[in-house]
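sequence? don't have it. structure:
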DNA sequence: GACCAGGCACATC
DNA sequence: GATGTGCATGGT
């Protein structure tokens, strides 16, 4: 199947890529986390860190009790750092968790329902102003904790898209984000699962160059050198 | 033992 | 503005 050629422009290509990934990996049901607050905590803890390590850290936080914005703020930073130690960068992440918790308390009394009236662009600006919250973390929070139609771009996405020739190798965050948001419907469910599919692909197949023979990206590959690989 | 994982801030040029 | 570096644990 020559998907790239048959697709009706970028929009069709991006949808075809999604369908191929979905066919291979199934619906991902993201984000892992019981509550929006847990999603926010996970978004901080998973920065440059394997999710299995994040799970340990979150389990520690829960078993300690007071797993809430107010609860984490009450903890001494050293104590908090000790609890999240398995997630790595624990000193930095303890400060980052405190910063986002303080923001949540100040902004809405830690009641995330009150965010519903706030425009997405305004929320994004506020999140990015918090130390330790960069574009990917902010957008993960917006999409997975607050149900905003914002596309999350990660290293896997840029690596894979660059490798199949759809974007320049490792194009900057907002260039890649615009590619998706300008060419797809602003659909929370689609953006949710699409990002999760990229992560599934990254974990599964895209660490090698050229793309390996079993990789679903072969079918949508625009890079002759890679697509010829068997 | 080396490399990588669902980044980000800061220093330096 | 672009590039380099520190942050740190745990799995492969």
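Looks like it arrived, so ask away. Since the structure is predicted, the reported quantities are computational estimates derived from the model, not experimental observations. Residues are numbered from 1 along each chain as shown, chains lettered A, B, ... in the order given.

can we go C-alpha only for contacts and neighbour counts from here?
Noted.

Packing partners of the helix or strand encompassing residue A:177?
Assessed by DSSP states H and E, residue A:177 sits inside helix A:173-183. In terms of contacts (3 or more CA pairs under 8 Å, 6 or more residues apart in numbering; DSSP states H and E), helix A:173-183 is packed against helix A:9-25.

Contacts (any at all) between DNA strand B and the helix or strand following the helix it packs on?
Using DSSP H and E, the helix or strand that directly follows helix A:9-25 along the chain is helix A:36-45. Yes: for helix A:36-45, a contact with DNA strand B is found by CA under 7 Å from any atom of the strand, at A:42, A:43.

Strands of chain A, start to end?
Per DSSP state E, chain A carries no strands over any range.

how about the residues of it near DNA strand C?
Residues of chain A lying near DNA strand C (CA under 7 Å from any atom of the strand): A:48-50, A:52-53, A:85-93.

Buried residues, the helix holding residue A:177. List them.
Within helix A:173-183, the residues scored as buried using 16 or more other CA atoms under 10 Å are A:173, A:176, A:177, A:179, A:180, A:181.

Just flag the most distant two among those.
Spatial extent of the buried residues of helix A:173-183 (CA to CA) is set by the pair A:173 and A:181 at 12.3 Å.

per-residue pLDDT, the residue nearest to residue A:27 when sequence neighbours are not counted?
In space, and not counting its chain neighbours, residue A:27 is closest to residue A:193: 6.8 Å by CA to CA, 6 or more residues apart in numbering. We note a pLDDT of 98 for residue A:193 in this prediction.

Would you quantify the distance from residue A:193 to residue A:78?
36 Å (CA to CA, to the nearest Å).

which stretches of chain A have low pLDDT?
A:1-8, A:205-215, A:219-230 (pLDDT under 70).

Would you mind naming what in it lies close to DNA strand B?
Residues of chain A lying near DNA strand B (CA under 7 Å from any atom of the strand): A:31-32, A:42-43, A:46-51, A:89, A:128-138, A:140, A:154-155, A:199, A:202-203, A:207.

from those residues, which would you call buried?
For these, buried by 16+ other CA under 10 Å: A:31, A:42-43, A:46-47, A:128, A:132-133, A:135-138, A:140, A:154, A:199, A:202.
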